[in-house]
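> What follows is a predicted protein model with its sequence.
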2 protein chains.
Amino acid sequence: MEENENLEALDYESIQEKRSDELMELLDSRNVKELQRRMEEMNEYDVAQFLTELEDNRMPMVFRLLSKDTAADVFANFDTPEQERIINAITDSELAGIVEELYVDDAVDMLEELPANVVKRVMRSATPQTRNLINQYMHFPENSAGSIMTSEYVDLKKYMSVKDSIARIRRIGEDKETIYVCFVISSTRKLEGIVTVKDLLLNDDDTVIEDLMDRNVIFATTTEDQESVSEKFSDYDLMAMPVVDTEGRLVGIVTVDDVIDVMEQEATEDIELMAGMTPSDKPYSRTGPIEMWKNRIPWLMFLMLSATFTSMILTSFEERLSVVAGLIPFIPMLMGTGGNSGGQAATAVIRSLSLGDTEPQDALSVLWKEWRTSILCGLTLAAVNFGKMLLLDRMLLGNANVTVAVAATVSLSIVFVVMFAKLVGSLLPIGAEKVGLDPAVMANPLITTLTDAVSLLIYIFIAKLILHI
Amino acid sequence: MEENENLEALDYESIQEKRSDELMELLDSRNVKELQRRMEEMNEYDVAQFLTELEDNRMPMVFRLLSKDTAADVFANFDTPEQERIINAITDSELAGIVEELYVDDAVDMLEELPANVVKRVMRSATPQTRNLINQYMHFPENSAGSIMTSEYVDLKKYMSVKDSIARIRRIGEDKETIYVCFVISSTRKLEGIVTVKDLLLNDDDTVIEDLMDRNVIFATTTEDQESVSEKFSDYDLMAMPVVDTEGRLVGIVTVDDVIDVMEQEATEDIELMAGMTPSDKPYSRTGPIEMWKNRIPWLMFLMLSATFTSMILTSFEERLSVVAGLIPFIPMLMGTGGNSGGQAATAVIRSLSLGDTEPQDALSVLWKEWRTSILCGLTLAAVNFGKMLLLDRMLLGNANVTVAVAATVSLSIVFVVMFAKLVGSLLPIGAEKVGLDPAVMANPLITTLTDAVSLLIYIFIAKLILHI
C-alpha cells in the first residue's frame, strides 16, 4: 500500500480511482517518464483498465510506453476489441515479442476471438515452435480441459532430490504459470505424481521426490468437459490440475485462475439458457442490438408459435367458458401461478444438476420431494385464493360473478396446476440431462408455455365438474 | 496415479469409484488395518465422500480409524449433517483435537450451521485461545470478507532477508492455509506489502524483503461484501488476498478455494432469486419439502395476489373484448411473449450487473440498447405472427374469427408489448441496484406479472383503435 492513502480512503476501489486520475493528469501534462514509471509499478489488470478507458488514438501510443514484459502481461488482460486495436497499431517485431511472452492458453483464447486476418498476422509473427504449440492447443474441442490448459508448468523426475528440484524451479520457474505445484513425470512423460513447493520447503534437501510425491493425483483428460474440471477444483480445493492424453502422458495443466473464468462463464451460460437466450461469450456491455436480437429471437419465436396450442384451446372453449361469467378473468392468474411454480422447480433442479448435487438417477426422489412440496404450495395458494376471491373480489369489489362455486373452481384448479407444473418442471431438466442435452434449456419459458396449455385444460375440466359448463 | 489403472479406466471418476468399492470390501471383510492404510493415502475429500455413503452406525466407527491430522481434514470436508453425527459420536477429547486442527474459517462455517447445543459442546471443548479467535471471527456480518477469512497465514517483516523468510516459512508453514503468498506487516501489524514464494525462490538469499515486496497490494476490508472480494480474485487472478481492519491492520486472509465456494453460492443465490425463491445455503438434495415450501410460497403467494390487477382489467373489459370474437384466445400468447421478452432483458442485465460489467450509471446506454433490440424483436415477431394468424389460424384451421383486422391488432400489440417488456425488464434490476436491493429480485416472475397487466391494457387500447370495440 502506498503512503498517500491512509485515512480518507481505505478501500481498493478508491485507491484505484485516485491512481487512475493521477495517471490521466500525467498523460495530459505529457509527463511521459513518470507515467511510464507508475504504469510499471501497477498491477497489469489496472493498467489494462486504464488503457481501455483512453481514446482510440491515444491508447496504442501509451501502450507502447510499457516495457516488453509488462506489455505482454497487460495485453493478456485486455478484452478482444482492445487486443485487436493494439495488434493493428504495433509493428511485426513488437507483436512477435508479445506473442512469445504470452502463456499458450492466453494466446489461444485471444486467437479464438480475433478475426481471421488478424489471426494470420499473429501466427506469422510467432516463432515456428510457438506456432506449432498454438496450433496443437487450438485443436482441442471448445469447452474441453484441453482448450483451457497451458503448457508452462514445472516438471520433475522422481529420482531428483529436493535440492535438485528447488534448483530446477529457480532455473525454469520465471515464466511458468505456477511453480507451486510441480508435476513428476517418467521418461515417456507419463504422469507419476505431484509435489508442491510446500512439500519441498518443509522437507530436507536430500529427500528424494519419489518418497515425497503424492501418487494419488486428481487429473483431467484433454477431452473432459471444463465443467467437470471446475467441479474437481471446487471439491478438492486445487490450485492446479494436470491434463493427460489417452496414454496418461502429461500434456498441460489447468490453473485455478482459468477455472474461475470457466465458472463465471458456465453460470452465465446456464442463466442465459434458462431465460431463453442463446448463450454468448461476449459481455453484455459489448453486445450490440443486432447480436442481441440474434440471441433472443429464436426462443421468443418458438415460444410465441407454441402458444398457438393455448390459443386453439381457448378458441374451442371460449363460448363454453363464457357461459359462467367470471371464469375467463382468472385465466392469467392460473397460468401465471403454474408458470411460476414450474419455474421454481425447474430452476432448483437445474442448479442442483449443474453443481453435481443431483444426478439423473435421482429422478424418483426428486419427483417425490417435488410432489409433496407441490401439494403444500397448492393447498396454501388455493386456500388463500378462495378467501381472497370471496372477500376481496365478491364483497369488497362487488363482483357478483364471483360465486362460491366459481371461487371453488378456480381454487381447486390451482392445486392441480401447481402439482402438474412442479412435476413437469422438475422432470424436464432431468430428462434433458439423461439424453445429453443441457438441462438449462428446459427452464422457465418452455415450462411456462407448456403449463399455460395444460393449466387451461385443467381449468376447463374442473369447471365442467363443478359448474357443469 | 496408481499402477492398477492403466488401460481400462483413464478418468478420475472411474478410478475413484473402483477405489470406493475396494474400501467397501475391506470394511465388509473387517480388514481394518488395510482400510486404515488406504484411507490415509486418499484425498480427504474422497474419504469424506466414502464415509458419507456409509450407514449411520458404521460411519463414526470408520471415522475413528483415521489419524488425528487426517480426521480434521476429512471432518472439514463433511456437510453439516455428517459433522453433527460425528460430533455426537466422539468423546470430548477427540472433539477438542479436531477443533484445534481446523482452520478458523472452516470452524466458523461449521458453527454457523450447527444447532445451538452442538455449538456449545464444540466451544466448550476448544482451548480458550481458539474459542476467542472463533468468537471474534463469528462477529463479522454474513457474506462479508471477515466472515470468509482465516487466520492461518505467514507474516514477514520488511527487514527480513530472503533466507530468514524461507526459514520462517519452514518453521511455521506446516499449518498455514497458504504459504505461497506471505504478508509483510509493520510492528503495529499494518499491512505493508506482499511477497510470494516465487519471489523468494527466484531471488538471492540475502535480498531484503523491503526491496522485493509488492507494495501495491490488492486487499479487502473486513466488512466488504464477499461478492466484491470474488470479483477482485477473478480480475487480478489472485491466490490469496489480505483483509484489513479500518486502521489498515492485517486481520486475516481469504484464499482462492473459499472464493470458489463464494462464487458458486452467489450464482446459486442469484439463480434462485431470479426464479422467485428465497435463497438457501442448503443443497437441493438435502432440503425437505417443508423447507422448500417455506422458500417458495412467499413469492408464489405475492405473485398470485398481484395477478388480481390483471383479473380486474379482464373483468372490466371482458364484455368489450368479446364483441369481436377471436380476440380473447390470443391473450395468453401476448402475455407469454411479454413475459419472455422482459425476462430475457432482466436476466441479461442482472447477470451483467453481478459480474461488474454494467453499473447503475449505465442506465441510459442499457435503455437505448434494449430499445433498439426490442424494436427488432417486436417487428420480427409481429410479422411472423401476422402471417401465421392468416395462414395457419384462418386458412388452415378455418378459424373465421381471425380477420385481417384481428391479426393486425394482435401483431401491432406484440410490438408494443415487447418494447414495454424489454424496457421494464432492463430498468427494474438497475433501479433495484441503485436503491441497494439485490437486482436478481427483479427477475422473471415479477416482470411477468407486471407485463401481464400492461400487455392486456396495450391490447385493449389497440383493439379500440383498430376494431373500435
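Yep, it's here. Numbers count the residues shown, from 1 in each chain, chains lettered A, B, ... in the order given.

> in the stretch 1-150 of chain A, which segments are predicted with low confidence?
Applying pLDDT under 70 to the stretch 1-150 of chain A flags residues A:1-9.

> from the chain's centre, how far out does whichever strand or helix holds A:D261 sit?
Assigned by DSSP states H and E, A:D261 belongs to helix A:256-274. Relative to its chain's centre, helix A:256-274 lies at 1 Å (CA atoms, centre = their mean, to the nearest Å).

> Quick check: what element follows it along the chain?
Counting by DSSP H and E, the next helix or strand C-terminal to helix A:256-274 is helix A:289-306.

> Let me see the mean pLDDT of that following helix.
Averaged over helix A:289-306, pLDDT sits at 90.

> Just give me how far it sits from the chain centre.
That offset, for helix A:289-306, works out to 21 Å (CA atoms, centre = their mean).

> which residues touch that helix?
A:272, A:276-280, A:282, A:287, A:445-446, A:448-449, B:333, B:336-337, B:340-341, B:344, B:348, B:369, B:372-373, B:376-377, B:380-381, B:384-385, B:388, B:414, B:418 (CB atoms under 8 Å, 6 or more residues apart in numbering or on different chains). Placement of C-beta: from N, CA and C, glycine included.

> Pull out the buried members of these.
By neighbour count, with 16 or more other CB atoms under 10 Å in any protein chain shown, the contacts of helix A:289-306 hold A:272, A:276-277, A:280, A:282, A:287, A:445-446, A:448-449, B:333, B:336-337, B:340-341, B:344, B:348, B:369, B:372-373, B:376-377, B:380-381, B:384-385, B:388, B:414, B:418 as buried.

> Tell me which residues touch the residue lying closest to A:N444 once chain neighbours are set aside, please.
Nearest residue to A:N444 in three dimensions, chain neighbours excluded: A:G343, at 4.0 Å (CB to CB, 6 or more residues apart in numbering or on different chains). By CB under 8 Å, 6+ apart, the contact list for A:G343 reads A:425, A:443-444, A:447-448, B:275-276, B:444-445.

> what's the answer for A:G173, then?
A:G173 makes contacts with A:154, A:179, B:198, B:201-202, as judged by CB under 8 Å, 6+ apart.

> at 10 Å what do you get?
Contact analysis of A:G173 by CB atoms under 10 Å, 6 or more residues apart in numbering or on different chains lists A:152, A:154, A:166, A:179-180, A:182, A:197, B:198, B:201-202.

> do the same with A:I375
For A:I375, the contact set (CB under 10 Å, 6+ apart) comprises A:415, A:418-419, A:422, B:289, B:293.

> before we move on, back to that, mind checking which of the contacts of helix A:289-306 are in strands?
Among the contacts of helix A:289-306, no residue falls in strands (DSSP state E).

> I'd like the distance between A:V323 and A:M213.
A:V323 is 80 Å from A:M213, where distance means CB to CB, to the nearest Å.

> For the two, indicate the residue with more neighbours.
Neighbours were counted for A:V323 and for A:M213 using other CB atoms under 10 Å in any protein chain shown; A:M213 has more, 20 against 11.

> I figured the more buried one was touching A:Y159, is that so?
No. With contact defined as CB atoms under 10 Å, A:M213 does not reach A:Y159; the gap is 11.3 Å.

> Kindly point out which residues are neighbours of both of these two.
Both A:M213 and A:Y159 are contacted by A:V184, under the criterion CB under 10 Å, 6+ apart.

> wait, does whatever helix or strand A:E34 lives in contact chain B?
Using DSSP H and E, A:E34 falls within helix A:32-41. Yes. Against chain B, helix A:32-41 shows contacts by CB under 10 Å from any CB of the partner chain at A:E41.

> The next helix or strand after that helix vs helix A:32-41, what angle?
Heading C-terminal from helix A:32-41, the first helix or strand you meet, by DSSP H and E, is helix A:44-53. Calculated by axes from the mean of the first three to the mean of the last three CA atoms, to 10 degrees, helix A:44-53 forms an angle of 130 degrees with helix A:32-41.

> Summarise which helices and strands helix A:44-53 is packed against.
Other helices and strands packing on helix A:44-53, by 3 or more CB pairs under 10 Å, 6 or more residues apart in numbering or on different chains; DSSP states H and E, are helix A:12-28, helix A:32-41, helix A:59-63, helix A:68-76, helix A:80-89, helix B:226-236.

> Swap in 6 Å and give it another go.
For helix A:44-53, the packing partners by 3 or more CB pairs under 6 Å, 6 or more residues apart in numbering or on different chains; DSSP states H and E come out as helix A:68-76.

> now what about the helix it packs on, what contacts it?
Residues outside helix A:68-76 that contact it (CB atoms under 6 Å, 6 or more residues apart in numbering or on different chains) are A:40, A:44, A:47-48, A:97-98, A:101-102, A:106.

> Then stretch A:460-469?
Contact partners of stretch A:460-469, identified using CB under 6 Å, 6+ apart, comprise A:317, A:320, A:323-324, A:405, A:408-409, A:412-413.

> mind checking how far stretch A:236-247 is from the chain centre?
20 Å.

> Let me know whether that stretch sits next to chain B.
Yes. Counting by CB under 6 Å from any CB of the partner chain, chain B is contacted by stretch A:236-247 at A:236-237.

> neighbours of A:N57, just the number please.
Neighbours of A:N57 under the rule other CB under 10 Å: 8.

> which one's the longest helix in chain A?
Secondary structure of chain A per DSSP state H: the longest helix is helix A:404-434.

> sorry, back to before: just the contacts of A:G173: which are in strands?
Using DSSP E to define strands, the subset of those located there is A:C182.

> How about the residues of the stretch 301-450 of chain A by chain B?
Taking CB under 6 Å from any CB as the measure of proximity, the stretch 301-450 of chain A contacts chain B at A:303-304, A:307, A:310-311, A:314-315, A:318, A:328-330, A:332-333, A:336-337, A:340, A:343-344, A:347-348, A:351-352, A:357-358, A:369, A:372-373, A:376-377, A:380-381, A:444-445.

> Can you tell me which of these end up in helices?
Using DSSP H, those in helices are A:303-304, A:310-311, A:314-315, A:318, A:332-333, A:336-337, A:340, A:343-344, A:347-348, A:351-352, A:369, A:372-373, A:376-377, A:380-381, A:444-445.

> Poorly predicted segments of the stretch 251-400 of chain A, please.
For the stretch 251-400 of chain A, no range has pLDDT under 70.

> Go again with 90.
Residues of the stretch 251-400 of chain A meeting the criterion pLDDT under 90: A:270-283, A:285-287, A:299-300, A:302-312, A:314-328, A:354-359, A:393-400.

> returning to what we had before: ok, of the contacts of helix A:68-76, which come out buried?
A:44, A:47-48, A:97-98, A:101-102, A:106.

> Quick check: of the residues you listed, which lies closest to chain B?
In terms of CB to the nearest CB, no member of the buried ones among the contacts of helix A:68-76 lies closer to chain B than A:E44, at 8.6 Å.

> before we move on, the earlier item: can the helix holding A:D261 be found next to chain B?
Yes. Using CB under 6 Å from any CB, helix A:256-274 reaches chain B at A:256-257, A:260, A:263, A:267-268, A:271.

> would you list those in CSV and tack on distance to A:T130?
As requested, the residues of helix A:256-274 next to chain B are exported to CSV (distance: CB to CB, whole Å):
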residue, distance to A:T130
A:V256, 25
A:D257, 21
A:I260, 26
A:M263, 29
A:A267, 33
A:T268, 31
A:I271, 36
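
> Out of those residues, which end up buried?
Among the residues of helix A:256-274 next to chain B, those buried by neighbour count (16+ other CB under 10 Å) are A:256-257, A:260, A:263, A:267-268, A:271.

> Cool, thanks, signing off.
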